[in-house]
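Student: give me a 3D structure for the following:
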Amino acid sequence: YMTFKPRQESMKNNPFFEGFIYGTLFTLLISGVSIFYYRATVNADKQPSYNTAPAAVKTNLPLYVSPSPSKGRDNAPVTIIEYADFFCGYCKKVMPAIVKVMQTYPDKVRLIFKNYPLSNTPGKGSFRAHEAGVCAQEQGKFWEFYEKISAASSNPDEAGLQTMAGQIGLNPQKFNDCLTSGRAVRVIEADLAEGKAKGIQGTPTFYINGTEISGAYPYEKFQQIIDSFLKTGSAPAGVVTPKTPAAPPAKAEFNDLKGRPATGPENAPVTLVEFSDYHCPFCQRLDVTLKQVLAAYSGKVRLVWRHYPLPMHAGADRTHQAAECAHEQGKFWGFHDKLFAQVKHGWSDSDFDNISKELGINLLKFKRCMQSQDSKNKVQQDIAKGQSVGVRGTPALFLNGTLMTGAQPYESYKAAIEEVLKQSAKK
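Tutor: The predicted structure follows:
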């Protein structure tokens, strides 16, 4: 100890030794920072991009890019893509068939879920339920949520969604952080845009190896298509893979509007031709907006109605026929408002009779009309016209021949109308 101490003291006082120690520490520090940066960069390159939002979404928030929820092997020979709405009665009705499909073909079928809420307002209705589903997916619990909400006897409100989250074991803080961040909204909007590009008109819609079927079909229908693909590699006879629809004309022409239900002056500078479905929630929303448009541009806008009941809405043809029979007695718009006051799939003939009585419609003439082929033909003629001008779903609105799809906000129609009026003033 006595001999070592003087040597230690001499090293402490040696400037060269102190420089060596500090230099070594500095080198180690720089190396550590470099390694950390390198690892962070490499890992970032391996992750999906979080900064690319759909073009229609204007936001500075990062986009949570999550693969769509799926079940089954990635390389399964049959892939089913389901576009569904958690609040859709038909979607709930078809769920047992889908469950049986996955149980029957555990290694041969892959199921992919896509969000397609018929309520397109973030934070409300079924859109909010789909936000909760995306947030459950973030925690790896989508299918538990899917089964829970599909089995619910009623559509859950905000408190109900929180209860479901707790029941399936979600972390409440992460769940609520996801709901308030806006990440889920952008995932859903991306699914909606994808579905609309495919021409989806309602829910549920399935693509089985590219073959589209829409509606709540029984298990046997899915079994028939799946077995055909497994045996022959193609869909069974009679089930046709949809082709890309022909591009609609840039500007539609309507020379068959005479006699169609209309409101507003015939010589108005702006004519709106609406193809709509009384069983469609989006159409109900547009109806409210169009009333606002007609009030704001009284005398300048004419609205013409065209029937376009969607094939997956059971009974919709009959509902539109009833509206056409009300039109025959000059009571169309009153009947129209009654139907849109409560969008539902269960309209009955007795409901139509009750509405007719409220509006002072001659019930005997109305019943005769409902039995006639003429009223059915007029509905079908509207459908055929819509298809010829590029209508792929509802609502579809033509503003002086230019197609505007979906239930857009009032501001969109206002801007388009103002531009037409501006151009008219120059002539």
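Student: could you find the closest non-adjacent residue to Phe275?
Tutor: Nearest residue to Phe275, sequence neighbours excluded (C-beta to C-beta, 6 or more residues apart in numbering): Tyr308, at 4.0 Å. Backbone N, C-alpha and C define where each C-beta goes, glycine included.
Student: that neighbour: neighbour count?
Tutor: Other residues near Tyr308 come to 26 when the count uses other C-beta atoms under 10 Å.
Student: now do Gln103
Tutor: Residues near Gln103, counting by other C-beta under 10 Å, number 8.
Student: roughly how far apart are it and Leu111?
Tutor: For Gln103, the distance to Leu111 equals 11 Å [C-beta to C-beta, to the nearest Å].
Student: and what of Ala197?
Tutor: Shown here: Ala197 relative to Leu111, a distance of 21 Å by C-beta to C-beta.
Student: with neighbour numbers in mind, choose between those two.
Tutor: Leu111 (21 against 9).
Student: partner residues bridging the more buried one?
Tutor: Lys71, Ile80 (DSSP bridges).
Student: distance of it from Tyr207?
Tutor: In this structure, Leu111 lies at 11 Å from Tyr207, with C-beta to C-beta as the measure.
Student: does Pro281 touch Thr121 like I think?
Tutor: No - counting by C-beta atoms under 8 Å, Thr121 is not a contact partner of Pro281; they are 10.5 Å apart.
Student: ranges for the strands of the chain?
Tutor: When assigned using DSSP state E, the strands of the chain occupy the ranges 70-71, 78-84, 109-115, 205-208, 211-214, 262-263, 270-276, 301-307, 396-399, 402-405.
Student: export those to a markdown table and tack on mean pLDDT?
Tutor: What follows is the strands of the chain, written out as a markdown table (pLDDT from 0 to 100):
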| stretch | mean pLDDT |
| --- | --- |
| strand 70-71 | 92 |
| strand 78-84 | 94 |
| strand 109-115 | 95 |
| strand 205-208 | 92 |
| strand 211-214 | 87 |
| strand 262-263 | 97 |
| strand 270-276 | 96 |
| strand 301-307 | 97 |
| strand 396-399 | 94 |
| strand 402-405 | 89 |
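Student: in a markdown table: those, plus distance to Lys338.
Tutor: Listed next are those as a markdown table, based on distance: least, C-beta to C-beta, whole Å:
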| stretch | distance to Lys338 |
| --- | --- |
| strand 70-71 | 43 |
| strand 78-84 | 29 |
| strand 109-115 | 32 |
| strand 205-208 | 29 |
| strand 211-214 | 28 |
| strand 262-263 | 16 |
| strand 270-276 | 15 |
| strand 301-307 | 14 |
| strand 396-399 | 22 |
| strand 402-405 | 26 |
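Student: so which of those strands is nearest Pro172?
Tutor: Within the strands of the chain, the stretch nearest Pro172 is strand 109-115; the backing value is 22.1 Å (C-beta to C-beta).
Student: what sits up against the closest one?
Tutor: Applying C-beta atoms under 8 Å, 6 or more residues apart in numbering, the set of residues contacting strand 109-115 from outside is 68-74, 76, 78-84, 98, 101-102, 130, 133-134, 142, 146, 187-188, 191-192, 194-195, 226.
Student: give me that answer again for 6 Å
Tutor: Contacting residues not belonging to strand 109-115 are listed as 68-72, 76, 78-83, 130, 188, 191 [C-beta atoms under 6 Å, 6 or more residues apart in numbering].
Student: out of those residues, which is nearest to Phe254?
Tutor: Using C-beta to C-beta, the shortest approach to Phe254 within the contacts of strand 109-115 belongs to Tyr83, at 31.0 Å.
Student: phi, psi for the closest residue to the closest one other than its chain neighbours please.
Tutor: Residue nearest to Tyr83 in three dimensions, not counting chain neighbours: Tyr116, with 4.1 Å by C-beta to C-beta, 6+ apart. Its backbone dihedrals place Tyr116 at phi -140, psi 60, with angles given as degrees, to the nearest 10.
Student: low-confidence ranges, the protein, go.
Tutor: Scanning the chain for pLDDT under 70 picks out 1-66, 120, 238-250, 312, 343-345, 427.
Student: repeat that for 50
Tutor: By pLDDT under 50, the weakly predicted segments of the chain are 1-12, 33-66, 241-247.
Student: the nearest residue to Gly393 once chain neighbours are set aside: neighbouring residues, count only.
Tutor: Among residues not flanking Gly393 along the chain, Gln201 sits closest, at 4.0 Å (C-beta to C-beta, 6+ apart). Here the count is done by other C-beta under 10 Å, and Gln201 has 20 residues near it.
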